[in-house]
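**Student:** Need coordinates for the following:
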Amino acid sequence: MGWETGISWTWHRRGVAANRTELDLLLLEAGVPLAALEAAGSQADLQWLLTRPKYGFVWQDGVVYQRGGSGNVIDGCSKVGEHEMSGCLGCYAAISDENKGRVAVPGWHAKDAAQNIKLRPRMLDELLAWQRRLEKVDQTRRVFLDSMSDLGHTQIDSLDPDYRQRTLEVISRCDRIEAWIFTKRPGTLAAVKGYPKNVVLGTSVASWLDLRRLHTLARVSQANPDIPLVASLEPAVGPMGTLPWLELPQYRMAIFGGESGSHIRPLRLEWAEDVRRQTLAAQAQTGIALFEKQTSAHPNEVRLLLGGCYYWQWPGELYPAIQASAETAARTARLQHLLSDDDLRAMISRYPDMPELAYHWSEAAAL
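**Tutor:** Sure, this is the predicted structure:
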């Protein structure tokens with residue numbers, strides 16, 4: 001069974017290469033033979049080498065990324081709320097499945113969960129196949145598990161009460177894979193005991209209205225103190241408010257991003273700035289990493305830039321901000337859609353409990 005079966009590949013940051021010597025050392029560490037590096041005499045040769053499938057690298061804005069992947073042990077999901085501030089409202093997974101004709105009842109409404117959610121036990125066999133391949137090449141991979149579904153969905157228990165535990169048992173046998181599992185139903189996953197050591201758990205927060213999810217998932221640390229947690233602050237459709245990084249130091253990473261795709265809800269850059277400020281302030285005490293993903297734009301994956309730069313940090317790899325290239329900056333300026341002052345004023349009137357932004361609110365309140 002090959003790499004491509006059941007998996008879609010994404011890019012994960014490997015490191016910053018300030019010069020050719022640092023890049024050589026980085027690639028040697030990743031397993032690229034010295035002879036191959038010596039043969040790459042020019043910058044063009046090196047870029048060609050990086051993109052070979054054998055090594056699985058890409059180089060952008062002076063940063064090296066290595067191939068990782070995503071796979072799903074479940075098909076389908078249902079939305080957690082469909083109000084205007086719900087992160088599920090414009091769900092890319094629901095839209096993708098509908099476009100591909102893989103949904104029994106369109107809309108991914110909660111009432112249709114029994115018809116739309118199916119188990120994919122074949123994926124468990126594929127995880128074991130990836131493990132065998134990784135052992136042969138002496139490599140590891142980060143895999144985002146259930147990027148198009150939710151392992152915390154209670155419908156799983158109705159289909160097979162043992163399926164969630166069986167999935168974790170398979171992951172425990174795949175020590176070459178670091179399985180990232182994100183959920184919008186943190187209460188279900190927080191109740192699980194005995195997570196394997198190669199699991200990273202995360203929950204999604206779209207605005208201050210979802211902050212309780214961070215506290216709910218943190219309960220997992222009572223029985224699993226060594227499991228790192230990740231806060232996925234996306235799609236950001238409102239300000240986040242006060243983030244609990246000092247109160248919950250088990251969160252090792254904060255991912256921030258606007259909504260992308262054809263159904264975007266525009267972002268305000270001060271929401272992103274507030275998350276950056278709070279996370280970097282807590283970083284010295286907790287070591288939490290900041291990963292700034294996309295801005296609100298169509299098409300997908302348009303770089304979020306604040307002050308012409310962005311942070312792409314990973315737990316234990318707290319690199320400084322990356323200065324965007326002129327090409328990246330121009331693309332962001334051309335494609336991003338930001339919330340207008342009029343729409344912000346209307347949002348404030350609808351949500352009087354919206355948290356104040358410490359150094360931008362006086363401007364917003366005066367609109």
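**Student:** and stretch 251-271, which residues are buried?
**Tutor:** 251-261, 264-271 (16 or more other C-beta atoms under 10 Å). C-beta here means a position set from N, CA and C on the backbone, and glycine is covered the same way.
**Student:** Return the distance of residue 305 relative to residue 269.
**Tutor:** According to C-beta to C-beta, to the nearest Å, residue 305 and residue 269 sit 9 Å apart.
**Student:** which residues in the protein form helices?
**Tutor:** 20-29, 34-39, 43-50, 92-99, 113-116, 122-137, 155-159, 163-172, 186-190, 212-218, 269-286, 326-335, 341-350, 361-365 (DSSP state H).
**Student:** Among those, show the one with the smallest mean pLDDT.
**Tutor:** Per-stretch mean pLDDT for the helices of the chain is lowest at helix 361-365 (a mean of 39).
**Student:** Dump stretch 271-284 to PDB, keeping only the CA atoms.
**Tutor:** What follows is stretch 271-284, C-alpha atoms only, in PDB (Å, rounded to 0.1, in the frame of the first residue of the first chain):
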ATOM      1  CA  TRP A 271      -8.400  40.300  16.200                       C
ATOM      2  CA  ALA A 272      -5.200  38.700  14.800                       C
ATOM      3  CA  GLU A 273      -3.000  41.300  16.400                       C
ATOM      4  CA  ASP A 274      -4.600  40.700  19.800                       C
ATOM      5  CA  VAL A 275      -4.000  37.000  19.600                       C
ATOM      6  CA  ARG A 276      -0.400  37.600  18.600                       C
ATOM      7  CA  ARG A 277       0.100  40.000  21.500                       C
ATOM      8  CA  GLN A 278      -1.300  37.700  24.100                       C
ATOM      9  CA  THR A 279       0.400  34.600  22.800                       C
ATOM     10  CA  LEU A 280       3.900  36.100  22.500                       C
ATOM     11  CA  ALA A 281       3.500  37.600  26.000                       C
ATOM     12  CA  ALA A 282       2.700  34.200  27.400                       C
ATOM     13  CA  GLN A 283       5.500  32.500  25.400                       C
ATOM     14  CA  ALA A 284       8.300  33.300  27.800                       C
END
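**Student:** residues touching residue 261, list them.
**Tutor:** Taking C-beta atoms under 8 Å, 6 or more residues apart in numbering as the contact definition, residue 261 lies against 90, 92, 95, 298, 299, 300.
**Student:** How about the second one, nearest residue that isn't a chain neighbour?
**Tutor:** Which is residue 92. If the residues on either side of it in the chain are set aside, residue 92 comes closest to residue 261, at 5.4 Å by C-beta to C-beta, 6 or more residues apart in numbering.
**Student:** and that neighbour, what pLDDT?
**Tutor:** 77.
**Student:** where does it fall, phi/psi-wise?
**Tutor:** Note on residue 261: backbone dihedrals following degrees, to the nearest 10 are phi 100, psi -170.
**Student:** Residue 281: neighbouring residues, count only.
**Tutor:** 13 (other C-beta atoms under 10 Å).
**Student:** do the same with residue 273
**Tutor:** Residues near residue 273, counting by other C-beta under 10 Å: 15.
**Student:** What of residue 248?
**Tutor:** 17.
**Student:** Surely it touches residue 215?
**Tutor:** Yes - Residue 248 is within contact range of residue 215, at 7.0 Å (criterion: C-beta atoms under 8 Å).
**Student:** thinking again about what came up before, with distance to residue 75 as extra columns, can I get the helices of the chain in CSV?
**Tutor:** Output for the helices of the chain, formatted as CSV (distance: least, C-beta to C-beta, whole Å):
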stretch, distance to residue 75
helix 20-29, 37
helix 34-39, 40
helix 43-50, 34
helix 92-99, 8
helix 113-116, 8
helix 122-137, 9
helix 155-159, 11
helix 163-172, 13
helix 186-190, 18
helix 212-218, 24
helix 269-286, 32
helix 326-335, 31
helix 341-350, 35
helix 361-365, 42
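**Student:** Residue 80: which of these is closest?
**Tutor:** Shortest separation from residue 80 across the helices of the chain is recorded for helix 212-218, at 9.5 Å, computed as C-beta to C-beta.
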